[in-house]
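# quick one, structure for this:
(one chain, ligands or ions: 1)
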Amino acid sequence: MLTDEEKWFFDLHGYLVLKQAVPEKDVKRMVGLCDTWHGMEDSELPAPLRSYRDVNTKPTTPRSINNVPYADEVFQRLVLNREIMRVVLALTDNSPQLLSVALVRNTKESDDIPFHGGFSGGIRSPANDYQAANGKVFATFLNAGVSLVDVPAGTGFVCIPGSHKSNFPKPDGVNIYDGPPTVANVNVKAGDVVLFTEALCHGARRWTLDEPRRSVFVRYSTSYASWSPGYGPIEEHRDKLPDDIYELLQIASLQHRKRVVNRLLAEMGGQ
Ligand SMILES: O=C(O)CCC(=O)C(=O)O
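A predicted model of the protein is given here:
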């Protein structure tokens, strides 16, 4: 499911770029919905959509609208996007759980996002782990950052390649505006995906264009990770989700293979 080159790259750097993984017409639809919903107050959004943080008390934090697959099929297609799932299935050893889907808009006024993730006191949490063994790469917490716009050099996603397996704390002086070789600013086009382990130290530089940056962050964990309340399907809105997505949102034991996984594997020729 992953090529040898992808395994090598992901193991070395902690992320992969999936070029043109999302069809143009879906990108356009998501941009339209992003602009519509980001033009609304939380109270006007179709339920169960809501902002991750209170936009009134933190007006310069990039606003993130969550639960979007409940409101439009385009996000349901994105969650099951075959290129993204090909990688997510390989990295979770065919045991994925969809955690959240966040539609984010950054403007020139938005704050940048300092480095986070990576080294945390030398202890690698099972909830955010990375390993490579027996010819496989494995990560328990993944983020597929889907860009809906072209991102020019100097802005957008940055990371410290290799920091997902670092054993020493990042020096305080290393920041998101540093350059290579320590910091990589990954430039993408609309429809590209940066799929990274959350164990990678990452952040985002300030947006510099008049036209807002729009992105979708689709987060997956292993199916047997039991996260805090707030994850899992929202039962009162279950009727808005197809069975595949509902199942993908559920916790399942390590031994249980989800039906949606079997279906995807059969389609992709994996096992
Ligand atoms: O905006 C970005 O590219 C980075 C987002 C980020 O840091 C995150 O989702 O944790």
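# averaged pLDDT, stretch 184-201. What do you get?
For stretch 184-201, mean pLDDT rounds to 97.
# now Thr92: how far from the ligand?
Per CB to the nearest ligand atom, to the nearest Å, Thr92 is found 18 Å from the ligand. For every residue, glycine as well, the C-beta is placed using N, CA and C.
# same thing with His202?
5 Å.
# just Ser43 next, same as before
As judged by CB to the nearest ligand atom, Ser43 and the ligand stand 25 Å apart.
# A helix includes that residue, no?
Yes - Ser43: assigned to a helix according to DSSP: H, G, I helix; E, B strand; the rest coil.
# which residue is the nearest non-sequential neighbour of the residue in the stretch 51-200 of the chain positioned nearest to the ligand?
In the stretch 51-200 of the chain, the residue that lies nearest the ligand is Phe157 (3.6 Å; CB to the nearest ligand atom). Using CB to CB, 6 or more residues apart in numbering and skipping the chain neighbours, the partner closest in space to Phe157 is Val186 (5.0 Å).
# and what of Ile234?
Counting by CB to CB, 6+ apart, the residue nearest Ile234 is Pro48, at 5.2 Å.
# who are the neighbours in contact with that neighbour?
Neighbouring residues of Pro48 by CB atoms under 8 Å, 6 or more residues apart in numbering: Asn67, Tyr70, Ile234, Glu236, His237.
# dihedrals phi and psi, the second one?
This points to Tyr70. Per-residue torsions, Tyr70: phi -70, psi -20 (degrees, to the nearest 10).
# any idea how far Leu45 is from it?
Counting by CB to CB, to the nearest Å, the gap from Tyr70 to Leu45 is 11 Å.
# comparing these two, which shows the higher neighbour count?
When neighbours are counted by other CB atoms under 10 Å, Tyr70 and Leu45 differ, and Tyr70 comes out ahead with 21 against 18.
# near the ligand, which residues of the chain show up?
Within reach of the ligand by CB under 6 Å from any ligand atom, the chain has these residues: Ile113, Asn143, Gly145, Gly156, Phe157, His202, Gly203, Ala204, Phe217.
# could you dump those residues to CSV with secondary structure?
Shown next, in CSV, are the residues of the chain next to the ligand (three-state DSSP):
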residue, secondary structure
Ile113, strand
Asn143, strand
Gly145, strand
Gly156, strand
Phe157, strand
His202, strand
Gly203, strand
Ala204, strand
Phe217, strand
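# one step back: the residue of the stretch 51-200 of the chain closest to the ligand: what's it in contact with?
Taking CB under 8 Å, 6+ apart, we find Phe157 in contact with Gly145, Val151, Asn185, Val186, Val188, Val194, His202, Gly203, Ala204.
# and the last one, what are its bridge partners?
What it means is Ala204. For Ala204, the beta-bridge partners are Ile113, Phe157 (DSSP bridges).
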